[in-house]
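> The following comprises the amino acid sequence and a computationally predicted model.
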Amino acid sequence: MLTDKIILALTLLLAAVYFYATAQIPSLEIGDPLGPKAFPILLGVILVLACVLLAVEIIRAKPQPAVEKDAASADSAENAKHLWQIGGVVVWTAFYFWMFDRAGYIATTTVYLLALTIVFNRGKWLANILTSVFFTIGSYVLFAKILGVVLPTGLVSF
């Protein structure tokens, strides 16, 4: 499917940019022997593994039988809708990255997740709000308090 191939290509591009950004992290000569690059490299490897799994799924997918003209036009409209959704998520994610240091982890992540869940989980306001808030708080506690990762505080500092 075309959408899967586009997602694969964009995810590979994201992985390449992510690995480049990880390589820019300075190495410390003292302290933790793994250094500050270990966790980002692990996340990058997981991202590449996800790409490999998606590629395997694309390769294993059985070709669709020939469809009628009306069904083909409906598929074309559906593909266009998916492309707009992918584009919207890419733009929204770029905006999230841009706002991350300015507004801080908690504010930007909550708003980012809330907007995505509203779009992809329509009508479930309570679930969307709770998911966005609790995921943000849980990940903040895990990274900032337990693992000692410095996250931007921005508007909210605690």
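Cool, got the structure. Numbering: from 1, shown residues only.

> pLDDT of the host helix or strand of Ser139, averaged?
Counting by DSSP states H and E, the element that carries Ser139 is helix 125-140. For helix 125-140, mean pLDDT rounds to 93.

> buried sites along that helix?
Neighbour-count burial for helix 125-140 flags 128, 131-132, 136, 139-140 (criterion: 16 or more other C-beta atoms under 10 Å). Where C-beta positions appear, they are placed from N, C-alpha and C, glycine not excepted.

> dump the residue contacts of the nearest residue to Thr117 once chain neighbours are set aside.
Of all residues not flanking Thr117 in the chain, Asn128 sits nearest, at 3.9 Å (C-beta to C-beta, 6 or more residues apart in numbering). Taking C-beta atoms under 8 Å, 6 or more residues apart in numbering as the criterion, Asn128 is in contact with 114, 117-118, 121.

> Give me the below-cutoff pLDDT ranges for the chain.
1, 28-36, 64-74, 155-158 (pLDDT under 70).

> The residue lying closest to Val150 once chain neighbours are set aside - how many residues pack around it?
Counting by C-beta to C-beta, 6+ apart, Val150 lies nearest to Ala144, which is 7.3 Å off, once chain neighbours are set aside. By the criterion of other C-beta atoms under 10 Å, Ala144 has 16 neighbours.

> isn't Ala144 right up against Leu151?
Yes: contact criterion C-beta atoms under 8 Å: Ala144 and Leu151 qualify, at 5.1 Å.

> so what's in contact with those two at the same time?
Contacts common to Ala144 and Leu151, judged by C-beta under 8 Å, 6+ apart, are Tyr105.

> Would you mind listing the buried residues in the helix or strand harbouring Phe97?
According to DSSP H and E, Phe97 maps onto helix 69-103. Neighbour counts over helix 69-103 (16+ other C-beta under 10 Å) mark 82, 89, 96, 99-100, 103 as buried.

> Quick check: the spatially most central residue of the chain vs Ile58, distance?
Compute the mean C-alpha point of the chain, and by C-alpha atoms, centre = their mean the closest residue is Thr93, 7.4 Å away. The spacing between Thr93 and Ile58, counted by C-beta to C-beta, to the nearest Å, is 22 Å.

> With Asp4 instead?
Distance from Asp4 to Ile58, counting by C-beta to C-beta: 5 Å.
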